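Peer 1: Dropping a prediction and its sequence here:
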Amino acid sequence: MRAKTWMWGAGAALALALTVGALWSQIGAAKHTADNGKALLAALGGPFSLTDQNGRTVTDRDFHGRVVALFFGYTFCPDICPTDLQILAEALDKLGPRADGVQPLFVTIDPQRDTPAQLAEFTTMFSPRILGLTGTPEQIADAAKRYRAYYARAKGGDGDAYTMDHSAFLYLLDRQGKLAEVLPHATPADRVAAALTNLLDQKPGPQS
């Protein structure tokens, strides 16, 4: 499953580059002022309703009270998703007992193949703390749109033998469910752990 070659359709690859580049440029520029940074983060994220790997319907409110590490990907991903989930698992290990205050979420962009059982098997390979989420194509599209997460089926492949082009950001949400930080693909585990620790150290505010 991991040995499949990463295939890029020219049009999809260009769209991905533009989407990722635009979002990351906005984030980088916004960091120059606190107000701009807060405004950009406030514009991303929002409510969602999905199905977890145990078959239960969950919403964003179910995770309020914990720091959330959110990632959009798919279980048949040959490299990007395994890399980032392994890094996230290492970051959680670095937190020790404090990792109990973090809820990692892996939202599939490939509901056709990523059944709840498939998600459970995949996420457990990295950490039992990671919870896989799926849903209808419309539910997933809505959640991805709120975070400006790009995805599209790559050209080529027959039947179920296809890959997905997608952006690869780790979204960190505070205990109130508000987006606090966005980390790029392959951010080192020490940096991820430090960002999570910072959110864990924040005094909890009123939950909405």
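Peer 2: That came through, no problem. Quick caveat, the model's predicted, so the values are computed rather than measured.

Peer 1: Show me the strands in this protein, by range?
Peer 2: Taking DSSP state E, the strands of the chain run over residues 49-52, 57-59, 67-73, 102-108, 131-134, 151-153, 164-166, 170-173, 179-183.

Peer 1: Find the centremost residue of the protein, please.
Peer 2: Centroid-nearest residue in the chain, with CA atoms, centre = their mean: residue 71, separated by 0.9 Å.

Peer 1: any idea of the pLDDT on it?
Peer 2: pLDDT for residue 71: 98.

Peer 1: check contacts around it.
Peer 2: 81, 84-85, 88, 104-107, 168-171 (CB atoms under 8 Å, 6 or more residues apart in numbering). All C-beta spots, glycine's among them, are computed from the backbone N, C-alpha and C.

Peer 1: Equivalent analysis for residue 106, please.
Peer 2: Contacts of residue 106 by CB under 8 Å, 6+ apart are 71, 73, 81, 85, 119, 122-123, 130-133.

Peer 1: Of those, just the buried ones, ChimeraX syntax please.
Peer 2: If you want just the buried ones from those in ChimeraX, going by 16 or more other CB atoms under 10 Å, the selection is:
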select :71,73,81,85,119,122,123,130,131,132,133
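
Peer 1: Could you work out the most separated pair of the contacts of residue 106?
Peer 2: 81 and 131 (14.8 Å; CB to CB).

Peer 1: what ranges of this structure fall below the confidence cut-off?
Peer 2: 1-40, 205-208 (pLDDT under 70).

Peer 1: let's see 80
Peer 2: Within the chain, the stretches with pLDDT under 80 are 1-42, 157-158, 204-208.

Peer 1: how about the helices of the chain, start to end?
Peer 2: Using DSSP state H, the helices found in the chain span residues 10-30, 34-43, 80-95, 116-126, 137-146, 189-201.

Peer 1: between the contacts of residue 71, which is closest to residue 195?
Peer 2: After measuring the contacts of residue 71 against residue 195 - CB to CB - the closest member comes out as residue 170, at 8.7 Å.
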